[in-house]
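1. Dropping the sequence and predicted coords here.
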Amino acid sequence: AQTVTQSQPEMSVQEAETVTLSCTYDTSESDYYLFWYKQPPSRQMILVIRQEAYKQQNATENRFSVNFQKAAKSFSLKISDSQLGDAAMYFCAYYGNNAGNMLTFGGGTRLMVKP
Amino acid sequence: DTGVSQNPRHKITKRGQNVTFRCDPISEHNRLYWYRQTLGQGPEFLTYFQNEAQLEKSRLLSDRFSAERPKGSFSTLEIQRTEQGDSAMYLCASSYLPGGGYGYTFGSGTRLTVV
């Protein structure tokens, strides 16, 4: 079974600084997708960024970018120019076409942004 | 389109009572998912539907849990004889078929408290 591990329960960053959240996963598939979701205190999960495993180029969405290392099964999220509104729980998630057709989530990282 | 809607937002029930939650997905989405999330943890998969067919159920979904999606539109999740361990946030999500690779759209969840 696929597993997703987020080793940082909490992270803190100063406003306008850069922070990196870590994620590792375990899979035997070659074709899959990876995601970062944000869950603000209001609890609705929001898709931040998506990576297709067959693409070597790292995905970027404005201030959010990933470092995808397929061989190492690592998928970290970098948030640049952190803003107070970035404070939330961040979840790494895996989706594989042969993995039961569901998203598998990591345990989450709580990000705090200091003004 | 107002996204994925879940009702009620909060439910407090006494142990042993039955509860039912409702999810209205995005109308064009074929797949509908139920997840459970306990405080400070990542969402755990419960079950999913493709149109009206329930295609997969997690081992977390005991005999006290039942889900339906009549006519492939809204879905209900019922918990019979609730236990304190059922206290959690129940999340619903939907996606296109085969949209898992594009992520899901989540609702705001139903928070269940069993007293």
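-> Received it, and whenever you're ready, just let me know what you need.

2. Beta-bridge partners for residue B:44, please?
-> residue B:36 (DSSP bridges).

3. OK, contacts around residue B:25?
-> Neighbouring residues of residue B:25 by C-beta atoms under 8 Å, 6 or more residues apart in numbering or on different chains: B:4, B:32, B:73-75, B:92-94, B:105. C-beta: built from backbone N, CA, C; applies to glycine.

4. Tell me how far it lies from residue B:101.
-> 18 Å (C-beta to C-beta, to the nearest Å).

5. One more: residue A:78?
-> For residue A:78, the distance to residue B:101 - C-beta to C-beta - is 22 Å.

6. Would you confirm that residue B:55 contacts residue B:45?
-> No - taking contacts as C-beta atoms under 8 Å, residue B:55 lies outside contact range of residue B:45: 12.0 Å.

7. more neighbours, these two?
-> residue B:45 (20 against 13; other C-beta atoms under 10 Å in any protein chain shown).

8. Just the strands from chain A, written as ranges.
-> A:3-5, A:10-14, A:19-21, A:24-26, A:32-39, A:46-52, A:60-61, A:64-69, A:74-79, A:88-96, A:104-105, A:109-114 (DSSP state E).

9. Kindly apply the preceding question to chain B instead.
-> B:5-7, B:10-13, B:19-24, B:31-37, B:44-50, B:53-57, B:65-68, B:75-79, B:88-95, B:105-106, B:110-114.

10. residues in contact with residue 47?
-> Because you didn't say which chain, this covers chain A. A:35-37, B:103-105.

11. oops, I was thinking of chain B
-> Contacts of residue B:47 by C-beta under 8 Å, 6+ apart are B:33-34, B:54, B:56-58, B:61, B:67.

12. For residue B:58, see how far away it is.
-> 6 Å.

13. try residue B:34
-> 9 Å.

14. So which bits of chain B are right by chain A?
-> Counting by C-beta under 8 Å from any C-beta of the partner chain, the positions of chain B adjacent to chain A are B:31, B:33, B:40-45, B:48, B:55-56, B:89, B:91, B:93, B:98, B:100-109, B:111.

15. one more time with 7 Å
-> B:33, B:41-43, B:45, B:48, B:56, B:89, B:100-101, B:103-104, B:106, B:108-109 (C-beta under 7 Å from any C-beta of the partner chain).

16. mind checking which helix or strand of chain B has the lowest mean pLDDT?
-> strand B:53-57 (a mean of 90; mean pLDDT, DSSP states H and E).

17. tell me the angle of that one relative to strand B:44-50?
-> 160 degrees (axes from the mean of the first three to the mean of the last three C-alpha atoms, to 10 degrees).

18. Once you drop chain neighbours, what's closest to the spatially most central residue of chain B?
-> What sits nearest the mean C-alpha location of chain B, by C-alpha atoms, centre = their mean, is residue B:34, with 3.2 Å. Nearest residue to residue B:34, sequence neighbours excluded (C-beta to C-beta, 6 or more residues apart in numbering or on different chains): residue B:46, at 4.3 Å.

19. number of nearby residues for the one you found?
-> Using other C-beta under 10 Å: residue B:46 sits among 22 other residues.

20. Write a ChimeraX command that selects only the buried members of the residues of chain B next to chain A.
-> Here is the ChimeraX command that selects the buried residues among these (16 or more other C-beta atoms under 10 Å in any protein chain shown):
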select /B:33,41,42,43,45,48,89,100,101,103,104,106,108,109
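
21. Looking at pLDDT only, which of the residues of chain B next to chain A scores worst?
-> pLDDT is lowest at residue B:100 among the residues of chain B next to chain A; the value there is 70.
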